[in-house]
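Peer 1: let's see this in three dimensions:
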Amino acid sequence: MRRVETTPGNIRVQVLDNIDEIDETDWATVAAGGGLYTSRPWLRSLEDDPWHDVWYLAAKDERDDLLGLLPVYLSSGTASAGSDGYYDPATVLAGSDPAQAHRWRPALLAGTRTGYDGELLLQPGLPLPQRATVLAALVARAHRLADAWNVQLSAFMHLTSAAAAELAPVLGASPVLTEAIAVVPLATAASFEEHVAALPKRRRARVRAEVRAFADSDFTVREARLSETVGVVADLLAAHHHRYGHQDTPQMLTAHLRQQAEHLDGCSRVLLCQRGGDVHGALLIYEWSDTWYVRAVAARESLRGESAAFFNLLYHVPMRLAYERGIGRYVIGPSNLAAKVWRGALVEPRWSLLVGRGPGRESDVARRCVHWDDVQATRWTAHLAEIGAGVDVAAWRSSVRTPQA
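Peer 2: Numbering: from 1, shown residues only. Just a heads-up that it's a prediction; the model follows:
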């Protein structure tokens, strides 16, 4: 524990250096109902990352009951894994204009820094006014931490709609549409066959053809734990990432996956697509509660375009397994949304909230965020209409905005 501070409402905010300083029962209480990316094992795995400093802000009442938690992260500015770029505001907002990146660095990341599922860690059952008070206390302490490190931007990246709507008025910031992810709500059907039968005719025919092609091939899929497959998954991922311009090395990814295996092996599910004893593709999934989260997929070029093997590895085989095991949601993540929608996924938005710190920065960041949100809304409206996602981006934006925000 580093410092303790009392805020309005008799809420004390502690700054803690590691997750082990937080009682496991207390953590389970504030994380109840949350997903993988606010779970103790996942966040504990991030502490081993040498490229970020991490603190936990813990809000407690006068009886020492835990009311809320806020993890915060500060990049060391050194090398990092390619996946970190999706949580770097400069990479996300500057995009193809790296000359603008300096406007968004450095940033104090709050909430989480990986996973596309930013949620709030608050004690269940708190009245709405008290939830807002707790959030305000946590945010104020995060701002003070940013000021202490001379960081001029606080960023909550890739929030769910519910989290963004609740946090926006506390921050006094408008949610910025940042990403869209694909989720298959498995609970709407009783089996994989029933899920396929409910697809529109053309999509249904394509999926059934893909399943038949794979069944008739000499590819097989076996399941393993991450700890058993770190080396092969790291090699496949490195090659896969290089094809898309990332510089991750097998050594970097091996270290990264070993960190995760140390804390998350029990909920890992690795599907290996093989021909004979040769592995051509790998899918890393984490199971949390009744949800499967795709964390990484990698395939050799030999897997693509042959016997629909890639589509079976990412969609059909894991979805069939998920139905058999009573899993309720299959979270496939962002990118290639057209392929995911065609195979039965729904699309959900993710939002960012950014607040400038220091003279002139607050208004500058707010202005740039409004512009960037308008650009994103136009882009996503066109793209989602093109792929037939069946969503209304204007309704998305309306759902996370309040008069106070």
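Peer 1: which residues in the chain form helices?
Peer 2: Assigned by DSSP state H, the helices in the chain fall at 24-30, 40-47, 89-94, 128-148, 161-171, 192-197, 201-215, 226-243, 250-264, 309-311, 317-324, 337-342, 361-386, 393-399.
Peer 1: what is the mean pLDDT for stretch 122-138?
Peer 2: For stretch 122-138, mean pLDDT rounds to 95.
Peer 1: around D265, how many other residues sit close by?
Peer 2: Using other Cβ atoms under 10 Å, D265 has 16 neighbouring residues. All C-beta atoms are positioned from the backbone trio N, CA, C, and that covers glycine.
Peer 1: and if you look at the one 4 residues further on?
Peer 2: For R269, the number of neighbouring residues by other Cβ under 10 Å comes to 21.
Peer 1: thinking again about what came up before, which one of the helices of the chain lies closest to L57?
Peer 2: Evaluated with Cβ to Cβ, those place helix 128-148 nearest to L57, the distance being 5.1 Å.
Peer 1: for that closest one, buried residues please.
Peer 2: 130-143, 145-146 (16 or more other Cβ atoms under 10 Å).
Peer 1: and the gap between the residue lying closest to S75 once chain neighbours are set aside and S76?
Peer 2: Nearest non-adjacent residue to S75, counting by Cβ to Cβ, 6 or more residues apart in numbering: H52, 5.6 Å away. Separation of H52 from S76 (Cβ to Cβ, to the nearest Å) stands at 7 Å.
Peer 1: pick out whichever of these two has more residues nearby.
Peer 2: Neighbours per residue, other Cβ under 10 Å: of H52 and S76, the larger number sits with H52, 18 against 12.
Peer 1: state the distance from the more buried one to T38.
Peer 2: Applying Cβ to Cβ, the value for H52 to T38 is 17 Å.
Peer 1: same check, this time on W372
Peer 2: Counting by Cβ to Cβ, the gap from W372 to T38 is 26 Å.
Peer 1: between those two, which has more neighbouring residues?
Peer 2: Ranked by neighbour count (other Cβ under 10 Å), W372 and T38 place T38 first, with 24 against 19.
Peer 1: my read: that one touches A31, true?
Peer 2: Yes: taking contacts as Cβ atoms under 8 Å, T38 lies within contact range of A31: 5.6 Å.
Peer 1: common neighbours of those two, please.
Peer 2: Common neighbours of T38 and A31, using Cβ atoms under 8 Å, 6 or more residues apart in numbering, are L121.
Peer 1: picking that back up, and among the helices of the chain, the most buried is which?
Peer 2: Highest mean neighbour count of the helices of the chain: helix 309-311, a mean of 22 (counted as mean count of other Cβ atoms under 10 Å).
Peer 1: list the contacts for V183?
Peer 2: R329, Y330, V331, I332, A345, L346, V347, E348 are the contacts of V183 under Cβ under 8 Å, 6+ apart.
Peer 1: go through those residues and say which is closest to V294.
Peer 2: Once Cβ to Cβ is applied, the member of those that ends up nearest V294 is I332, at 5.0 Å.
Peer 1: I figured that closest one hits L346, correct?
Peer 2: No: using Cβ under 8 Å, I332 is not in contact with L346; the gap is 10.3 Å.
Peer 1: identify the contacts common to those two.
Peer 2: A182, V183, V184.
Peer 1: pretty sure the first one contacts G344?
Peer 2: No: using Cβ under 8 Å, A182 and G344 do not qualify as a contacting pair, with a distance of 9.5 Å.
Peer 1: from L177, how far out is H263?
Peer 2: According to Cβ to Cβ, H263 stands 32 Å off from L177.
Peer 1: low-confidence ranges, the stretch 101-250 of the chain, go.
Peer 2: Applying pLDDT under 70 to the stretch 101-250 of the chain flags the ranges 243-247.
Peer 1: what about 90?
Peer 2: Scanning the stretch 101-250 of the chain for pLDDT under 90 picks out 101-107, 112-117, 237-250.
Peer 1: what's the overlap in contacts for H52 and S76?
Peer 2: Contact criterion Cβ under 8 Å, 6+ apart; residues shared by H52 and S76: none found.
Peer 1: doesn't A309 make contact with F214?
Peer 2: Yes: at 6.0 Å, F214 counts as touching A309 under the criterion of Cβ under 8 Å.
Peer 1: domains in this protein, by residue range?
Peer 2: When the chain is parsed with automatic domain parsing, its domains come out as 3-180+350-399, 182-347.
Peer 1: could you work out the end-to-end span of the last one for me?
Peer 2: Using Cα to Cα, to the nearest Å, the end-to-end distance of domain 182-347 comes to 5 Å.
Peer 1: how far off centre is that domain?
Peer 2: 17 Å (Cα atoms, centre = their mean, to the nearest Å).
Peer 1: which non-adjacent residue is nearest T291?
Peer 2: Using Cβ to Cβ, 6+ apart, the closest residue to T291 is R329 (4.3 Å).
Peer 1: that neighbour bridge partners, please.
Peer 2: Judged by DSSP bridges, the bridge partners of R329 are P185, T291.
Peer 1: OK, contacts around it?
Peer 2: Per Cβ under 8 Å, 6+ apart, neighbours of R329: V183, V184, P185, L186, A187, D290, T291, W292.
Peer 1: got the residues you listed as TSV, with distance to E193 columns?
Peer 2: Formatted as TSV, the contacts of R329 follow (distance: Cβ to Cβ, whole Å):
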residue	distance to E193
V183	20
V184	14
P185	16
L186	13
A187	15
D290	20
T291	21
W292	18
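Peer 1: which ChimeraX command selects the buried ones in those residues?
Peer 2: To isolate the buried ones among the contacts of R329 in ChimeraX, judged by 16+ other Cβ under 10 Å, type:
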select :183,184,186,291,292
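Peer 1: good, we can wrap up now.
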